[in-house]
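>>> Pasting the sequence and the predicted coordinates here, then a few questions.
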Number of protein chains: 2
Amino acid sequence: MTAILDKKRMGASEVAAEIRAMIVAGSLNSHDRLPSERALCARYGVSRGTIRDALLRLKNEGLVEIRLGSGSYVLENLARQHYEAIIRNTRPLELVDVRFALEPHICRLAVLHGQVADFDRLESHINEMEENADDAQIFAHIDARFHLDLVKSTNNSLLIWIIGEVNEVRKQEQWAKVRSITLEGAIIRTYNAQHRAILTALRARDSEGAANLMKEHLDTARKSLTQAIGS
Amino acid sequence: MTAILDKKRMGASEVAAEIRAMIVAGSLNSHDRLPSERALCARYGVSRGTIRDALLRLKNEGLVEIRLGSGSYVLENLARQHYEAIIRNTRPLELVDVRFALEPHICRLAVLHGQVADFDRLESHINEMEENADDAQIFAHIDARFHLDLVKSTNNSLLIWIIGEVNEVRKQEQWAKVRSITLEGAIIRTYNAQHRAILTALRARDSEGAANLMKEHLDTARKSLTQAIGS
DNA sequence: TGATATTGGTATAGATTTGGTATATTAGGA
DNA sequence: TCCTAATATACCAAATCTATACCAATATCA
């Protein structure tokens, strides 16, 4: 995969990206003071307005604090650190247990609150997944969107947020290995069939049917996982 | 030497697929600015209209944001940034739905992974709640601890974290009013009995029994809520 | 304490870069 | 042949970047 980003051009976005990378990588710690805006101008070879724009972006992301007359400081974000630790350390089987808890009931709620437009969106995702059945990476991405849009049809914002976080777990790097082991063509075709069956049950407003089909779906995922781990 | 591989003809969907793959794989991070449309033309050897078409597809997929006069940016998967708003705006009945999704299955997992010491801790909470059946505030606090320690007995860190966040919802100020309406003596005594029944099922390693008792428990909570709202 | 240097905050104008749009043309496939 | 997609070009509007200047809050040190 060839690098696409243009390193030569330094705009506010590029400067912000470099500083952001230093913060999240830990080479800039909490409470550290960044160099002054004028010093950063010299280091990055851009004007002060650009540095200022970059710092404002980081401020809006909650990464730094800018104090008038004093300087810019790296903010500590305990919630983020705790959160990232959770996301990083969750193991595949734990995740399946969480999804087993949530998604069957999400199906029931989707039957209660889902609109036809919601189900149409799910169907378009299913079609996309069938077109990309040979690319595990793309399939996994659309699959995450499918389950996110499924929960969105419940109109329960807390539940939507939780599934969003669950999807973050699946995006982690080390999970690419798990996907490459478990997501070969046959499994993907099984998943596609199960997704379509779930959608049919939703459209028929069959709440227990949809919930049970989701349990089957997750059971398939769990079995392919345990098989991959055992091998 | 004959070229076996012809230079791939790139259409909009091919360009979109390459950029999408980079975003999904993580080589393009949130907030990164893509090269300008004109620069992408040169890189992929296609016209600007094709690049434009590809970027519009990614925009419609929610992967990219296009800012007039500025550039195209990789979007961060939402959910995370609205955390505070979610916690603050969750309504009582939405919360009950979430707990309905999570807690019965948590009971099943507790039966599988819970130790006797975990159940002893739950029992001490139940005793405390019975002693404080006349103080809604204290009862609610211990009740939150009970459900948190219940999920801790599953040893599933992601699940524990989720329930922790769900408990944050109940700490919100405006929920004190809900508690004062719904938590009078009779309901608290019902809850205590249900807690004890759940614990008995857990100790007997009766997973479906515990799950069903939890459903009854949540059903009681939901009914007292709808009654309070209706009044 | 008080003077001085340093820092961020704001404003300006002009040159440059970027996406938005419209049009006419070309290439390739059904 | 017709139709779709891709190309090539031109121009507009919006945002960015630069350079400079000055103000206000803070830090530093005698």
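Sure thing, it's come through. Numbers count the residues shown, from 1 in each chain, chains lettered A, B, ... in the order given.
>>> what comes up buried for stretch A:170-185?
Going by neighbour count (16 or more other C-beta atoms under 10 Å in any protein chain shown), the buried part of stretch A:170-185 is A:170, A:171, A:176, A:178, A:179, A:182, A:183. (Glycine included, C-beta is placed from N, CA and C.)
>>> The fourth one: what's it in contact with?
If I follow you right, that is residue A:178. By C-beta atoms under 8 Å, 6 or more residues apart in numbering or on different chains, the residues touching residue A:178 are A:92, A:225, A:228.
>>> Let's see that with 10 Å instead.
Listed by C-beta atoms under 10 Å, 6 or more residues apart in numbering or on different chains, the contact set of residue A:178 reads A:91, A:92, A:95, A:140, A:170, A:172, A:224, A:225, A:228, A:229.
>>> And residue A:185, how close does it get to DNA strand D?
27 Å (C-beta to the nearest atom of the strand, to the nearest Å).
>>> In contact with that residue: list those residues for me.
A:133, A:134, A:136, A:139.
>>> Residue numbers of chain A in contact with DNA strand C?
Residues of chain A lying close to DNA strand C (C-beta under 7 Å from any atom of the strand) are A:9, A:34, A:36-39, A:48-49, A:52, A:66-72.
>>> and the end-to-end length of stretch A:38-51?
With C-alpha to C-alpha, to the nearest Å as the measure, stretch A:38-51 spans 8 Å from end to end.
>>> Residue A:5: what secondary structure?
Under DSSP: H, G, I helix; E, B strand; the rest coil, residue A:5 falls in the coil class.
>>> so how many other residues sit close to the residue nearest to it when sequence neighbours are not counted?
Excluding its sequence neighbours, the residue lying closest to residue A:5 (C-beta to C-beta, 6 or more residues apart in numbering or on different chains) is residue B:32, at 6.4 Å. Neighbourhood size, residue B:32 [other C-beta atoms under 10 Å in any protein chain shown]: 21.
>>> Kindly report the same for the one 10 residues further on.
Around residue B:42 there are 11 other residues, counting by other C-beta under 10 Å.
>>> from chain A, which residue is nearest to chain B?
Here the residue of chain A nearest chain B is residue A:164; by C-beta to the nearest C-beta that distance is 2.8 Å.
>>> Residue A:151 is in contact with that residue, correct?
Yes: using C-beta atoms under 10 Å, residue A:164 is in contact with residue A:151, at 8.5 Å.
>>> that older thread, quick check, nearest of the contacts of residue A:185 to residue B:25?
For the contacts of residue A:185, the minimum distance to residue B:25 (C-beta to C-beta) is 11.3 Å, reached by residue A:136.
>>> so that closest one sits right up against residue A:176, yeah?
Yes: using C-beta under 10 Å, residue A:136 is in contact with residue A:176, at 8.7 Å.
>>> Sketch out the low-pLDDT regions of chain A for me.
Within chain A, the set of residues satisfying pLDDT under 70 comprises A:1-2, A:173-174, A:183, A:230-231.
>>> middle-most residue in chain A, spatially?
For chain A, the residue sitting closest to the mean C-alpha position, by C-alpha atoms, centre = their mean, is residue A:168 at 3.4 Å.
>>> Output the contacting helices and strands for the lengthiest helix in chain A.
The residue-count maximum for a helix in chain A (DSSP state H) belongs to helix A:207-230. Packing partners of helix A:207-230 (3 or more C-beta pairs under 10 Å, 6 or more residues apart in numbering or on different chains; DSSP states H and E): helix A:92-113, helix A:136-152, helix A:175-182, helix A:185-203.
>>> Give me the domain ranges for chain A.
Chain A resolves into domains spanning A:12-76, A:86-230 when parsed by automatic domain parsing.
>>> nearest spatial neighbour of residue A:7, skipping sequence neighbours?
Spatial nearest neighbour of residue A:7, excluding adjacent residues (C-beta to C-beta, 6+ apart): residue A:14 at 7.6 Å.
>>> residues touching the spatially closest residue to residue A:202 that is not a sequence neighbour, list them.
If the residues on either side of it in the chain are set aside, residue A:202 comes closest to residue A:210, at 5.2 Å by C-beta to C-beta, 6+ apart. With contact set as C-beta under 10 Å, 6+ apart, residue A:210 has these partners: A:103-104, A:106-108, A:110-111, A:114, A:150, A:197-204.
>>> The same query, at a cut-off of 8 Å, please.
With contact taken as C-beta under 8 Å, 6+ apart, residue A:210 is in contact with A:107, A:108, A:110, A:111, A:198, A:201, A:202.
>>> what two of those residues have the greatest distance between them?
The span of the contacts of residue A:210, defined through C-beta to C-beta, is set by A:108 and A:198 at 11.8 Å.
>>> So between these two, which is more surrounded?
Legend: neighbour count by other C-beta under 10 Å for residue A:108 and residue A:198, higher for residue A:198 (25 against 18).
>>> you'd agree that one is up against residue A:215?
No: Residue A:198 is not in contact with residue A:215 according to C-beta atoms under 8 Å; the separation is 10.3 Å.
>>> Please work out how many residues are found near the residue of chain A closest to chain B.
Per other C-beta under 10 Å, the neighbour tally for residue A:164 reads 20.
>>> From residue A:170, how far out is it?
Using C-beta to C-beta, to the nearest Å, residue A:164 is found at 11 Å from residue A:170.
>>> and chain A, which of its residues are near DNA strand D?
By the rule C-beta under 7 Å from any atom of the strand, the part of chain A lying against DNA strand D is A:10-13, A:45-50, A:53, A:67-70.
>>> Need the buried ones from the residues you listed selected in PyMOL.
The buried residues among the residues of chain A next to DNA strand D can be selected in PyMOL (16+ other C-beta under 10 Å) with this line:
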select buried, chain A and resi 11+12+13+46+50+53
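>>> quick one: which of the residues of chain A next to DNA strand D is nearest residue B:157?
For those, the minimum distance to residue B:157 (C-beta to C-beta) is 35.1 Å, reached by residue A:13.
>>> Spatially nearest residue to that closest one, not counting backbone neighbours?
residue B:33 (3.8 Å).
>>> chain center to the strand or helix carrying residue A:166, what's the gap?
Using DSSP states H and E, residue A:166 sits within helix A:157-171. Distance of helix A:157-171 from the chain centroid (C-alpha atoms, centre = their mean, to the nearest Å) equals 7 Å.
>>> swap in stretch A:60-73?
28 Å.
>>> swap in stretch A:45-53?
Centroid separation for stretch A:45-53 versus its chain: 31 Å, with C-alpha atoms, centre = their mean.
>>> With stretch A:218-230 instead?
Taking C-alpha atoms, centre = their mean, one finds stretch A:218-230 lying 22 Å from the centre of the chain it belongs to.
>>> Same check on stretch A:178-193?
Using C-alpha atoms, centre = their mean, the offset of stretch A:178-193 from its chain centre is 20 Å.
>>> go on, stretch A:182-196?
From the chain centre to the centre of stretch A:182-196 is a distance of 21 Å (C-alpha atoms, centre = their mean).
>>> List the buried residues for that stretch?
Applying 16+ other C-beta under 10 Å to stretch A:182-196 flags A:182, A:183, A:187, A:188, A:191, A:192, A:194, A:195, A:196 as buried.
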